[in-house]
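[1] Just to be clear, the model below is a prediction. Sequence and coordinates:
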Amino acid sequence: MKREGRALLVTFTLLLTATVLAQVGSTAPVAPPSSGDAVALLDIRGGIGPATRDYVVRGLDKAASSHAPAVVLRIDTPGGLDAATRDINQAILASRVPVIAWVAPQGARAASAGTYIVYASHLAAMAPATSIGAATPVSLGGPGASPPGKEEEPPKKQGETRGETNSPATDDPSAPAPRASDNASERKAVNDAVAYLRSLAELRGRNADFAERAVRDAATLTASQARAQGVVELLADDIDALLRQADGRTLKLQGRSVTLATAGRTVVPVVPDWRVRLLAVITEPTVAYLLLLIGLYGLVFEGYSPGAILPGVVGAISLLLALYALQVLPVNYAGVALIVLGVALMAAEIALPSVGALGIGGVVALVAGSLILFDPDLPGFGVPGHLVAGIGLASAMAFMGVLWMAARARRQPVTTGNEELVGHLAVAVDDFDGRGQVRIRGEIWQATSTAPASRGEPLRVLAIDGLTLRVAPVPASPLSPSADGGPP
């Protein structure tokens with residue numbers, strides 16, 4: 001069982017390692033142009049997290065150091081995390097290079113956190129058949145739970161007290177009244193998000209009313225609607241059309257006016273380097289979840305087979321990587337506790353005779369913790385249901401296999417200890433009638449016999465009474481070896 005468990009752990013770890021290496025090494029990094037003639041293109045795709053933040057911040061810094069005429073952020077995101085979004089926006093606001101946000105390709109969206117990035121950029125554009133909006137804050141843990149750094153919208157500002165807000169929209173009598181079900185934390189989060197997005201709209205001269213509706217009512221607009229209502233400035237099918245339309249526009253950059261000269265420029269995509277790709281893989285919720293399970297199971301295997309080393313090393317490294325990923329992801333720590341409890345209960349089932357109660361409870365706790373580990377309302381951050389079902393099924397099958405092997409072991413005859421001597425042959429040391437000594441497996445035992453025994457006569461062990469064997473004579477046979485390995 002221990003060997004099978006270690007083999008399963010090693011196989012699982014190798015598959016995960018191969019996946020990580022494939023993700024990290026799939027594309028060679030491309031640096032921004034070294035001259036100031038090319039426009040840098042950065043892609044923001046999927047959920048916005050720590051890896052996206054690092055990628056965009058580094059890309060803007062490199063574009064500024066290479067004196068690029070502009071940076072294009074090609075956006076297709078369902079949203080993301082508060083801390084990462086704020087850091088990206090701060091990098092855009094402090095950028096020495098004009099930043100053009102472009103929601104593309106067709107069918108893309110700039111939802112939730114993507115809306116904030118579009119509003120923060122110096123110039124905003126959208127491709128046909130795209131959308132923007134739905135920037136309502138979503139907090140982890142259901143209504144009323146708004147832990148710091150877990151909302152999609154920027155966090156509440158310091159110094160804010162209960163019932164207070166820095167949003168200019170709250171002074172507007174036409175603003176929608178809060179719902180009766182909204183508590184103070186939700187109102188503070190919504191009002192702060194409104195104030196933040198309106199401030200970006202006023203800074204860039206864009207539609208502030210839609211910004212408020214996008215937060216309060218999750219309003220969305222198509223590309224043509226966004227252009228007509230002043231949410232974005234340009235509509236562009238491709239990157240060349242975008243650069244042509246942006247050419248000659250004057251923008252405010254670090255307190256000074258800058259005229260874009262982008263027509264006909266070369267576009268160089270900025271691909272994340274290995275560090276960013278590795279960070280993106282580790283902080284992907286599914287990988288973080290698998291790392292957590294590998295870490296826990298590895299430590300369990302090491303505990304049941306001390307000195308195996310490999311399970312302990314792999315488990316410790318995986319657990320530390322999982323803890324790093326979980327502390328930057330929107331995690332429900334009740335889910336983490338349930339997963340740890342589930343693994344502990346299944347491990348205890350092997351050692352404690354609970355007739356399956358601990359193991360069944362462990363499987364239930366593991367599945368329940370996996371389901372609530374990540375908030376399903378946060379777009380791009382969650383564990384697929386089929387993976388949770390597969391992990392639960394595999395754990396249940398492993399647990400049933402352990403029970404089956406334990407039951408089979410109980411039905412097998414004893415093969416160790418003194419009890420294992422019953423049924424084997426012993427040899428009389430001397431002639432005796434009733435009580436004497438016999439030799440079995442090189443040891444001398446006191447014995448009682450049901451009939452007289454002669455020296456060297458083979459005797460069958462019938463039972464063990466303390467330190468005395470009960471034996472009976474058997475017919476001598478050339479094919480019957482003696483218990484001490486020699487002829488009877």
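    Received, thanks.
[2] Skip the chain neighbours and tell me the closest residue to the most centrally placed residue in the chain.
    For the chain, the residue sitting closest to the mean C-alpha position, by Cα atoms, centre = their mean, is residue 288 at 2.2 Å. Computed as Cβ to Cβ, 6 or more residues apart in numbering, the closest residue to residue 288 that is not its neighbour in sequence is residue 325, at 3.6 Å. For every residue, glycine as well, the C-beta is placed using N, CA and C.
[3] show me what contacts the one you found?
    By Cβ atoms under 8 Å, 6 or more residues apart in numbering, residue 325 lies in contact with 282-283, 287-288, 291.
[4] Pick out the lowest-pLDDT one from those.
    Minimum pLDDT for these is recorded at residue 283 (81).
[5] Same question for the host helix or strand of residue 311: list its buried residues.
    Taking DSSP states H and E as the criterion, the element that holds residue 311 is helix 310-326. By 16 or more other Cβ atoms under 10 Å, the buried positions in helix 310-326 come out as 311-312, 314-315, 318-319, 321-322, 324-326.
[6] just those now: which is nearest residue 470?
    Among the buried residues of helix 310-326, residue 311 lies closest to residue 470 (Cβ to Cβ), at 46.0 Å.
[7] Can you give me the neighbour number for the closest residue to that closest one other than its chain neighbours?
    Distances taken as Cβ to Cβ, 6+ apart put residue 301 closest to residue 311, at 3.8 Å, once the chain neighbours are dropped. When neighbours are defined as other Cβ atoms under 10 Å, residue 301 has 21 of them.
[8] just checking, residue 301 touches residue 307?
    No. Assessed by Cβ atoms under 8 Å, residue 301 is found out of contact with residue 307, at 11.6 Å.
[9] need the helices for the protein, in chain order.
    For the chain, helices defined by DSSP state H occupy the ranges 2-25, 50-65, 82-93, 113-120, 184-204, 208-216, 223-228, 239-246, 274-282, 285-304, 310-326, 333-351, 357-372, 385-411.
[10] helices or strands up against the third one?
    Applying 3 or more Cβ pairs under 8 Å, 6 or more residues apart in numbering; DSSP states H and E, one finds that helix 82-93 makes contact with helix 50-65, helix 113-120.
[11] buried residues in that helix?
    Within helix 82-93, the residues that count as buried by 16+ other Cβ under 10 Å are 82-89, 91-92.
[12] And those residues, which is the shakiest by pLDDT?
    Least confident by pLDDT among these: that is residue 82, with 79.
[13] How much space separates that one from residue 48?
    10 Å (Cβ to Cβ, to the nearest Å).
[14] Residue ranges in the stretch 351-488 of the chain under the pLDDT threshold?
    Applying pLDDT under 70 to the stretch 351-488 of the chain picks out residues 353-354, 375-381, 402-403, 406-420, 475-488.
[15] next one: the stretch 151-300 of the chain
    151-182.
[16] Name the residues that touch stretch 105-113?
    48, 74-82, 84-85, 101, 103, 117-118, 126-136, 138, 152-153, 220, 237, 379.
[17] out of these, which are buried?
    The neighbour-count criterion (16+ other Cβ under 10 Å) marks 48, 74-82, 84-85, 101, 103, 117-118, 126-127, 130-136, 138, 152-153, 220, 379 among these as buried.
[18] that older thread, which one of the buried residues of helix 310-326 is nearest residue 262?
    Looking at those and their distance to residue 262, the nearest is residue 325, at 38.2 Å (Cβ to Cβ).
[19] Distance from the chain centre to the helix holding residue 311, please.
    Distance of helix 310-326 from its chain centroid, counting by Cα atoms, centre = their mean, to the nearest Å, is 12 Å.
[20] and the angle for it with helix 50-65?
    Taking axes from the mean of the first three to the mean of the last three Cα atoms, to 10 degrees, one finds helix 310-326 and helix 50-65 inclined to each other by 60 degrees.
[21] Now helix 310-326 - C-alpha only, CSV.
    In CSV, the C-alpha atoms belonging to helix 310-326 read as follows (Å, rounded to 0.1, in the frame of the first residue of the first chain):
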residue,chain,number,x,y,z
LEU,A,310,10.7,11.7,-1.5
PRO,A,311,7.0,12.1,-0.3
GLY,A,312,8.1,14.5,2.4
VAL,A,313,10.3,16.7,0.2
VAL,A,314,7.7,16.8,-2.6
GLY,A,315,4.9,17.5,-0.1
ALA,A,316,6.7,20.2,1.8
ILE,A,317,7.7,22.1,-1.4
SER,A,318,4.2,21.7,-2.9
LEU,A,319,2.5,22.9,0.3
LEU,A,320,4.7,26.0,0.5
LEU,A,321,4.0,26.9,-3.1
ALA,A,322,0.3,26.3,-2.5
LEU,A,323,0.3,28.6,0.5
TYR,A,324,2.0,31.3,-1.5
ALA,A,325,-0.6,31.0,-4.3
LEU,A,326,-3.5,31.0,-1.9
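[22] and it, what's its mean pLDDT?
    Mean per-residue pLDDT for helix 310-326: 88.
[23] Now do it against helix 285-304: the angle between them, please.
    In terms of direction (the same axes, to 10 degrees), helix 310-326 departs from helix 285-304 by 150 degrees.
[24] For the nearest residue to residue 213 once chain neighbours are set aside, the count of nearby residues, please.
    Spatially, and ignoring its direct neighbours in sequence, residue 213 is nearest to residue 219 (4.0 Å; Cβ to Cβ, 6+ apart). Residue 219: 17 surrounding residues under other Cβ under 10 Å.
[25] Quick check: residue 219 vs residue 134, distance?
    From residue 219 across to residue 134, the span is 7 Å (Cβ to Cβ).
[26] now do residue 284
    23 Å.
[27] do residue 332 as well
    The gap separating residue 332 from residue 134 is 23 Å, by Cβ to Cβ.
[28] Please apply the same query to residue 387.
    From residue 387 over to residue 134 the distance is 27 Å, taken as Cβ to Cβ.
[29] My understanding was that residue 126 contacts residue 227; is that so?
    Yes. With contacts counted by Cβ under 8 Å, residue 126 reaches residue 227, the gap being 7.1 Å.
[30] Overlap of the contact sets of these two?
    234-235.
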